[in-house]
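Enquirer: just the structure for this:
(one chain, ligands or ions: 2)
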Amino acid sequence: MKKVFVKSYGCQMNVYDAERMADMLATEGYSETKAMEEADLVILNTCHIREKAAEKVYSELGRVRELKQEREAAGQETRIVVAGCVAQAEGKEILRRQPAVDVVVGPQNYHRLPDLLKKSRSERLVDTEFPIEDKFDHLPAPSKAKTISRGVSAFLTIQEGCDKFCTFCVVPYTRGAEVSRPVARILDEAMRLADAGVRELTLIGQNVNAYHGEGPDGSVWSLGRLLRRLAEVPGIARLRYTTSHPRDMDEELIAAHGDLPALMPYLHLPVQSGSDRILDAMNRKHTGDEYRRLIERIRKVQPDLALSSDFIVGFPGETDQDFEDTMRLVADIGFASSFSFKYSPRPGTPAAEMGEQVAEAVKAERLSRLQNLLETQRQAFNHGTVGQTLDVLLEKPGRHPGQIAGKSPYLQAVQFESDVHRIGEIVTVRIVRAGSNSLFGEWVKPGDRAAA
Ligand code: SAM
Ligand code: SF4
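Expert: Ligands and ions are numbered 1, 2, ... in the order given. Reported below is the predicted structural model:
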């Protein structure tokens with residue numbers, strides 16, 4: 001059997017796509033390996049969101065090329081594919097910069113991989129045209145055993161692409177226009193996952209809450225409605241979704257946070273900046289106060305909510321005052337977790353052409369201040385759960401023998417001692433300590449609870 005090694009960079013969409021590529025190649029006789037040295041086929045599933053991410057690909061390709069040469073000397077062939085958003089954005093340039101690459105394939109075209117691998121024997125190939133056919137119609141489902149091996153928490157792509165065109169972002173160019181998968185297809189996939197023991201589904205999309213898929217009755221379903229339907233799938237106990245845009249938080253979705261118990265009290269809702277001037281230049285189409293009011297509305301229906309966000313510091317023209325507005329927004333709202341980045345100019349995006357680029361040292365200083373505040377908030381949120389009893393979905397054995405690891409409703413990692421490992425169960429755990437990256441707790445067995 002031939003072996004394929006897939007390395008994914010960047011977002012959850014890439015993690016999902018990497019699995020689907022492996023499923024596709026399984027039908028061609030490839031089994032997955034975690035060791036690149038033994039792979040007959042190496043796929044780098046790349047990310048183009050920031051310059052650093054894109055450059056990483058070329059250094060990794062240098063290493064893969066050496067490996068290819070070593071294996072060649074030993075009489076073994078290695079084929080190299082570059083997939084994902086760098087593939088989409090740079091296409092032929094990748095073949096030029098790295099002669100060892102056989103195929104470059106965009107995120108919408110990877111269902112054609114088997115064919116591309118065959119054809120590229122005579123000529124190195126680039127396939128980045130946005131296809132007419134829907135790749136999902138051509139992707140095989142993995143075996144039940146494969147799905148089981150991937151664990152009890154799964155990603156499910158419901159939407160791809162983005163029409164928002166934030167001025168800093170490459171996604172609308174690399175992933176294309178917004179497309180929603182039909183409800184029936186999503187339900188089929190959810191039922192297949194549940195049948196293999198999946199308990200938690202995270203619905204993913206570049207702009208997931210813009211979801212507007214065709215329902216079974218022919219009408220257009222919003223994300224709120226889809227979540228309600230998915231909550232009825234037997235076996236599925238937890239639902240999450242990511243990543244959302246504040247402009248697409250409609251009433252139906254907000255209401256779902258209040259009255260859908262399966263929808264976990266965690267929301268990743270990127271704000272990017274707290275300055276109205278910068279938000280406008282970013283083309284985010286919301287102000288800082290609109291974001292504050294939106295959070296108030298969501299907290300009104302679900303006061304018990306862990307909020308998360310993305311931030312960019314040093315966007316072109318960002319002044320000290322603009323940055324202070326971001327710090328104020330963070331202080332006003334309070335985030336349980338977050339991701340923050342220095343602005344990275346991306347070729348072809350409007351912001352890259354804007355005049356006043358912010359000096360690297362200023363960006364670094366702002367990022368460090370922002371991250372200190374966000375980290376303090378994260379630690380405070382985690383410490384706030386000490387003493388509480390939380391429902392924990394058991395995912396895998398813990399770091400030490402006798403420990404088991406799972407996730408709280410707020411997406412925190414939780415570890416506790418347990419003599420039985422019942423992966424997939426949701427148990428009650430009393431949190432006794434908050435470490436820097438995990439919570440530690442004690443299993444509250446049903447009898448203990450009755451006695452308490
Ligand atoms: N669709 C999501 C949204 O609207 O927020 C996120 C898309 S992107 C994969 C994830 C995050 O990367 C963004 O929220 C943003 O904070 C960050 N990002 C995107 N482009 C960037 C750039 N040019 N420089 C720095 N960070 C960037
Ligand atoms: Fe990029 Fe998100 Fe803006 Fe779309 S909404 S352009 S994915 S940051």
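Enquirer: the closest residue to R97 other than its chain neighbours: what secondary structure?
Expert: Sequence neighbours aside, Y58 is the residue nearest to R97 in space, at 6.3 Å (criterion: Cβ to Cβ, 6 or more residues apart in numbering). All C-beta atoms are positioned from the backbone trio N, CA, C, and that covers glycine. Recorded secondary structure, Y58: helix (DSSP: H, G, I helix; E, B strand; the rest coil).
Enquirer: number of nearby residues for Y58?
Expert: 15 (other Cβ atoms under 10 Å).
Enquirer: with G224 instead?
Expert: Neighbour tally, G224, other Cβ under 10 Å: 20.
Enquirer: pretty sure it sits in a helix.
Expert: Yes: assessed by three-state DSSP, G224 belongs to a helix.
Enquirer: how close does the closest residue to it other than its chain neighbours get to G317?
Expert: Closest residue to G224 apart from its sequence neighbours, by Cβ to Cβ, 6+ apart: E252 at 3.1 Å. For E252, the distance to G317 equals 36 Å [Cβ to Cβ, to the nearest Å].
Enquirer: next one, pLDDT for the residue in the stretch 251-400 of the chain that ligand 2 sits nearest to please.
Expert: Nearest residue of the stretch 251-400 of the chain to ligand 2, counting by Cβ to the nearest ligand atom: P270, 6.9 Å away. With respect to pLDDT, P270 scores 98.
Enquirer: equivalent analysis for E375, please.
Expert: So, for E375, pLDDT stands at 98.
Enquirer: could you look up the SS state of it?
Expert: Going by three-state DSSP: E375 is helix.
Enquirer: in contact with it, which residues?
Expert: With contact set as Cβ atoms under 8 Å, 6 or more residues apart in numbering, E375 has no partners.
Enquirer: from V330, how far off is it?
Expert: In terms of Cβ to Cβ, E375 sits 11 Å off from V330.
Enquirer: for A364, which non-adjacent residue is spatially closest?
Expert: That would be K342: by Cβ to Cβ, 6+ apart, it lies 6.9 Å from A364.
Enquirer: neighbours of the one you found, how many?
Expert: K342, neighbours per other Cβ under 10 Å, totals 18.
Enquirer: is it bridged to anything, and to what?
Expert: V313 (DSSP bridges).
Enquirer: for it, give me its contacts.
Expert: So K342 contacts I312, V313, G314, E360, K363, A364, L367 (Cβ under 8 Å, 6+ apart).
Enquirer: generate JSON lines for those, with distance to ligand 1, pLDDT and neighbour count as supplementary columns.
Expert: As requested, the contacts of K342 are exported to JSON lines (distance: Cβ to the nearest ligand atom, whole Å; pLDDT from 0 to 100; neighbours: other Cβ atoms under 10 Å):
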{"residue": "I312", "distance to ligand 1": "5", "pLDDT": "98", "neighbour count": "27"}
{"residue": "V313", "distance to ligand 1": "9", "pLDDT": "98", "neighbour count": "27"}
{"residue": "G314", "distance to ligand 1": "9", "pLDDT": "98", "neighbour count": "23"}
{"residue": "E360", "distance to ligand 1": "13", "pLDDT": "97", "neighbour count": "10"}
{"residue": "K363", "distance to ligand 1": "10", "pLDDT": "98", "neighbour count": "21"}
{"residue": "A364", "distance to ligand 1": "13", "pLDDT": "98", "neighbour count": "13"}
{"residue": "L367", "distance to ligand 1": "10", "pLDDT": "98", "neighbour count": "19"}
